[in-house]
Structure formats: C-alpha cells, structure tokens
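Visitor: no sequence on this one, just coordinates:
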C-alpha cells in the first residue's frame, strides 16, 4: 500500500526538519516539503495517512549486538529471549533491525555453526536481522571460511580475549584472524578483557570468601579492559585490520580507543545503556539481587567518572555506536551463582529500552537529537554494511520508521515490558519519551499500544562491507 506520514519532524543524523514521508510498499519513495504541490498530491493518492503531529519521525533503530537464545555454560541454561520474543520486544522499543551472532566453538566447523544458527532464526523474527560470526577456533579451515562468509553477506567476525578454555583466542590466533579480515574486507569485533588475569583474581576472591555478585565487578578490573583494548589495537595495527571494540565500559579503555582514532586508525567502539545509567555500587552490591546486573564487561564504579567519560566519548565519536548486548536470564538462572559469582549467567536484558534510554540523554543535555539517531540507527547501519537500506529516512531505503512522542513520560517496569524476562533491570526508571508507531518495511507492526506484527515478518539481511573502513 502507499502510505504518507505527515505533520512530523523528520530527524536524521544531520538534523531535524518538518517533512512528509511517502512510502510505497516496503520502500520510502520520497521525503517531501509540507504544503508543496507534490506533498498534497501524495496525500490525495495515498491509501493511508499517518498523522505524526508533535512526533519525531526517525529511522528504525539498528541494534548490532544481541544474543537471542544464547547458551551459558554446560548445564542447558539459555538466554530467556529467543528470536521470536526478543525481536518482538525490540519492535516495541523502536528497533527494527538486529544483528545477532552465530558461534563456532572449539572443534566446530564455521560454516556448519553458521548454518545451524541461521536455521534457528529462520521464520522466527518479527523484524529484519543479520548475523555476525564468532570465531572460537582459529585454524586454517576457519580462516578460509571467513572469506566465504564475507561473500555471502556476513562481513563481521567476533573474537574473545576473555573466557579462557571456552572462547578465548591467544594473541597469535587473533593476529591470524586480523590478517584474514584485512584481506577479505571484513570487520573484526573484539571482546577486550584480559581473561587469564581476571580468572586469577576471581579464584583469589572465592578463596577468601568474597562470593557475592558485586565481586564480579571488582575482579573484572578496568585496567584489564584497558590492557586488552590496547593489545587488540596494537595487534590490529600489525595485522592492518579494522577493529570494533564491543561493550566498552571503562574510561581507561576509552582512552586507548581515542589515542588510536586520533592517529587515524580504523578503530571503533560501542557502549551500552547499562554502562551509561547503572553503577557497580548501586546495582551489583545488593546481595543476591545484584545478580540481575552481572554482565561482562561489568558495571563500573560511580566514584571513577566512567559514565561522564562515556557520554563524552559519545559526543566526540570515540564511541560510535550504542548497542545493548541484550542477553537476558530469568531470576532462577541468575540465582545459580548465589554462592559463587562465577556461576551467574552474564547478561542484561535491554533490547526494548535502548531508544528510550539514549533519548533520555538528549533531554539531559548529553547528546543532540541528531546524535541520538546517529548512534542508534545510522552509524550502526553504516558500520555493519546495512546502509543505505537501513538507518536512514531517504528515497530507496527500507520503510523502517518510528513515530516517537517526545512528550509522553512513562515508567519502565516488568509489568509493561515485552521481553521474556521475569524482572526488569530498568525497573522504576521514568523516561521522557515513548515509541508510539513502528513500521517495518512499510508494515505497521506497533500502533495504539497494540502489536500488529507476527513472527516470520523479518527477513535475513545479507550485509555488505562497513562504510567506515579507510
């Protein structure tokens, strides 16, 4: 159908203007000046007109770091949101595209692991989705398969410097993967924490009886995130590879990224809402309740100015993207670490709240309205090879559009969220704006507090190369 969105303020990464948006089928076909002859003709010919008066009209959010149905450990524990429930919750929160992960473990074949994950997502997603590939076993075969995946639309690969014996790659393996990415045009994503040192500190903590959830944050020290970030940057320099640091949480790690970027390196980083709003003392230090906030990298101390520095990084573009690292576990699973913080499943559920929480940064004067859209939609689309199909309101782009009411305050609660999670890490937070209407490829899937979509509406996205690589 043809649909016209009128009366709203269209916000892009470069500014905000009164404009009308004409959609034909799944595609945006025009952005029109209100009151023009063309706009009036478009309204007469449209099958439906959406009144966006008093609303921001923004490109649908692009969350490039989620973990639906992620297994944790060897006991059959799996993240509580699957591709159906997680993408539906994302849609409620104004996110219309996710990029999740396929994971190769030691001994697995990369292609078989990718195909299995693709089959798991097929027919389940409410919104469009792509996949990164986790390389957990760097060897000659997996390196060659990285090239094949790039040709097939999987252009980003994640490695870990944490979790020894499970996912961690050593420096030699990391360098080999970086050299491979340098040759195939892909992007290397890195979980940057010194896992060997963290495990020593964690074992020492348990031996002296420090087993509470807050200890998780204390042993995963900011210095160990900084050291690993620095090491990853130096290895990327040797390997001539682009590098994307995931879920950056510490000032010291941000400083390493800023140094590299000031020298013109292809180094990028994301942070997440939890690091901008939650602190170690206020959330982890709550006895067993603190398990709700255990994630890696961890929340940081409120006494060390990490949050202020992260907001500065978002303004200066040393932090280019806000993702969620959405990985929810219910209370039953979180309580498994009651006697040993090392057994707590790592992850916070937040895919539904990213757009609202970062818009709160606009109202607090931390970032501009345009920067909100840039961080949550446009840059992630460009970074992960989805632009200009995603992340922008422009002719030819997919009609992934959100009508956002900046004058509707509401309070987040487990009672009103849509994630498959029996508590909310964001419980009681009042946010100053609200997602009201969501279009995914021209189809209205959220409207008037009702979900109108269905599982299987989303399509798998074959991605190109990052737009930012020099």
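Guide: Arrived safely. Owing to the predicted nature of the structure, the values given are computational and were not obtained by experimental measurement.
Visitor: for residue 159, what are its contacts?
Guide: 134, 135, 138, 169, 173, 174, 177, 188, 189, 190, 191 (C-beta atoms under 8 Å, 6 or more residues apart in numbering). (Glycine included, C-beta is placed from N, CA and C.)
Visitor: First-to-last residue distance for stretch 365-385?
Guide: Stretch 365-385 has an end-to-end distance of 30 Å (C-alpha to C-alpha, to the nearest Å).
Visitor: sorry, back to before: let me know the closest of the contacts of residue 159 to residue 162.
Guide: The closest of these to residue 162 turns out to be residue 191 (C-beta to C-beta; 5.6 Å).
Visitor: so what secondary structure elements neighbour the lengthiest strand in the chain?
Guide: Across the chain, the longest stretch assigned as strand under DSSP state E is strand 95-104. Other elements packing on strand 95-104 under the criterion 3 or more C-beta pairs under 8 Å, 6 or more residues apart in numbering; DSSP states H and E are strand 61-63, helix 83-92, helix 110-121, strand 128-135, strand 434-440.
Visitor: what's the most buried one of those?
Guide: When the helices and strands packed on strand 95-104 are scored by mean count of other C-beta atoms under 10 Å, the highest mean neighbour count falls to strand 61-63 (a mean of 31).
Visitor: Mind checking what helix or strand follows that one in sequence?
Guide: strand 71-72 (DSSP states H and E).
Visitor: what are the pairing partners of that following strand, and which direction each?
Guide: strand 77-78 (antiparallel) (DSSP bridges).
Visitor: So residue 450 versus residue 409, what's the distance?
Guide: Relative to residue 409, residue 450 is positioned 21 Å away (C-beta to C-beta, to the nearest Å).
Visitor: Oh, that last question was meant for residue 292, not what I typed.
Guide: 24 Å.
Visitor: can you check residue 175 too?
Guide: Distance from residue 175 to residue 409, by C-beta to C-beta: 50 Å.
Visitor: Regarding the protein, what is its longest helix?
Guide: As assigned by DSSP state H, the longest helix anywhere in the chain is helix 222-239.
Visitor: which residues touch that one?
Guide: 161-162, 171, 174-175, 178-179, 181-182, 188, 190, 192-194, 197-198, 242-243, 245, 248-253, 255-257, 260, 265-267, 297, 300, 304, 306.
Visitor: buried residues in stretch 295-306?
Guide: 295, 296, 297, 298, 299, 300, 301, 306 (16 or more other C-beta atoms under 10 Å).
Visitor: sec struct for the fifth one, please.
Guide: Looking back up the chat, that one is residue 299. coil (DSSP: H, G, I helix; E, B strand; the rest coil).
Visitor: quick one on the thing from earlier: so which of residue 450 and residue 409 has more stuff around it?
Guide: More crowded of residue 450 and residue 409, by other C-beta atoms under 10 Å: residue 409, with 12 against 8.
Visitor: ok, the closest residue in space to that one that isn't next to it in sequence - contacts?
Guide: Leaving aside its sequence neighbours, residue 409 sits nearest to residue 432 (C-beta to C-beta, 6 or more residues apart in numbering; 5.3 Å). Applying C-beta under 8 Å, 6+ apart to residue 432 gives the contacts 359, 360, 363, 406, 409.
Visitor: and the fourth one, how many residues sit next to it?
Guide: The tally of other residues near residue 406 (other C-beta under 10 Å) stands at 16.
Visitor: distance of the closest residue to it other than its chain neighbours from residue 172?
Guide: Once flanking residues are discounted, residue 406 sits nearest to residue 433: 4.6 Å by C-beta to C-beta, 6+ apart. Applying C-beta to C-beta, the value for residue 433 to residue 172 is 48 Å.
Visitor: dump the residue contacts of the residue nearest to residue 296 when sequence neighbours are not counted.
Guide: The shortest distance from residue 296 to any non-neighbouring residue, by C-beta to C-beta, 6+ apart, is to residue 346 (4.7 Å). Residue 346 sits next to 72, 294, 295, 296, 327 when contact means C-beta under 8 Å, 6+ apart.
Visitor: For the residue lying closest to the first one once chain neighbours are set aside, grab the count of nearby residues.
Guide: Closest residue to residue 72 in three dimensions, ignoring its sequence neighbours and counting by C-beta to C-beta, 6+ apart: residue 345, at 4.3 Å. The criterion is other C-beta under 10 Å. On that basis, residue 345 has 25 neighbouring residues.
Visitor: OK, contacts around residue 345?
Guide: Residue 345 makes contact with 72, 73, 77, 79, 294, 329, 333, 334, 336, 337 under the criterion C-beta under 8 Å, 6+ apart.
Visitor: Test my guess that residue 254 contacts residue 269.
Guide: Yes. Taking contacts as C-beta atoms under 8 Å, residue 254 lies within contact range of residue 269: 7.2 Å.
Visitor: Which neighbours do those two have in common?
Guide: With C-beta under 8 Å, 6+ apart as the test, residue 254 and residue 269 both reach 248, 313, 318, 319.
Visitor: Give me the subset of the residues you listed lying in helices.
Guide: Counted as lying in helices by DSSP H, out of these, are residue 313.
Visitor: Just the buried residues of the shared contacts of residue 254 and residue 269.
Guide: The neighbour count (16+ other C-beta under 10 Å) marks 248, 313, 318, 319 as buried among the shared contacts of residue 254 and residue 269.
Visitor: Go through those residues and name the one nearest residue 42.
Guide: Distance to residue 42, by C-beta to C-beta, is smallest for residue 319 among these, at 38.5 Å.
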